[in-house]
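Asks: with the sequence up front, the predicted model follows.
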Amino acid sequence: MDKTFIKDLLVRGIIGIRDWEREKPQDILINVTAFSDTSRAAETDDIAYCVDYSVLAKKIQTHAETSARLTVEALANDLAKICLEQKGVKKAIVRVEKPGAVRFAKSVGVEVERSCDE
């Protein structure tokens with residue numbers, strides 16, 4: 001299976017369980033790997049057979065900035081579902097991080113893996 005990826009998409013949104021986290025947007029770092037068969041796209045050189053990473057990134061960004069989820073787990077699951085809704089995507093790995101959320105840690109977060117058969 002081939003991979004289309006979005007690396008280090010930095011968005012700002014409401015995420016967290018503490019009162020102060022619900023007051024203003026904070027940085028959310030997102031990485032996505034979408035698994036599909038790209039052989040037809042490669043043979044035809046036609047975008048119609050590709051996973052359009054530009055469209056996917058925009059959908060992910062919009063959701064992350066507007067969903068106001070309490071947990072990174074819920075947000076990661078939402079984003080994986082968005083990936084699986086894209087034509088040809090059979091599996092997705094989504095990593096959602098909150099940079100600077102924990103003192104002395106560069107980042108904390110969660111990574112989920114979802115597939116169409118789940």
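Replies: Perfect, thanks for sending it. Numbers count the residues shown, from 1 in each chain.

Asks: and the closest residue in space to Arg69 that isn't next to it in sequence, what element?
Replies: Distances taken as Cβ to Cβ, 6 or more residues apart in numbering put Leu75 closest to Arg69, at 4.3 Å, once the chain neighbours are dropped. Any C-beta I mention is one placed from the backbone N, CA and C, and that applies to glycine too. Using DSSP states H and E, Leu75 falls within helix 72-84.

Asks: same deal with Ala101?
Replies: Counting by DSSP H and E, Ala101 is found in no helix or strand.

Asks: and the residue lying closest to it once chain neighbours are set aside, what is it in contact with?
Replies: Of all residues not flanking Ala101 in the chain, Val108 sits nearest, at 5.1 Å (Cβ to Cβ, 6+ apart). Neighbouring residues of Val108 by Cβ atoms under 8 Å, 6 or more residues apart in numbering: Val72, Glu97, Lys98, Ala101, Val102.

Asks: give me the lowest-pLDDT entry from the residues you listed.
Replies: Least confident of the contacts of Val108 in the model: Ala101, at 89.

Asks: that one - how many residues pack around it?
Replies: 18 (other Cβ atoms under 10 Å).

Asks: same deal with Ala42?
Replies: Neighbours of Ala42 under the rule other Cβ under 10 Å: 12.
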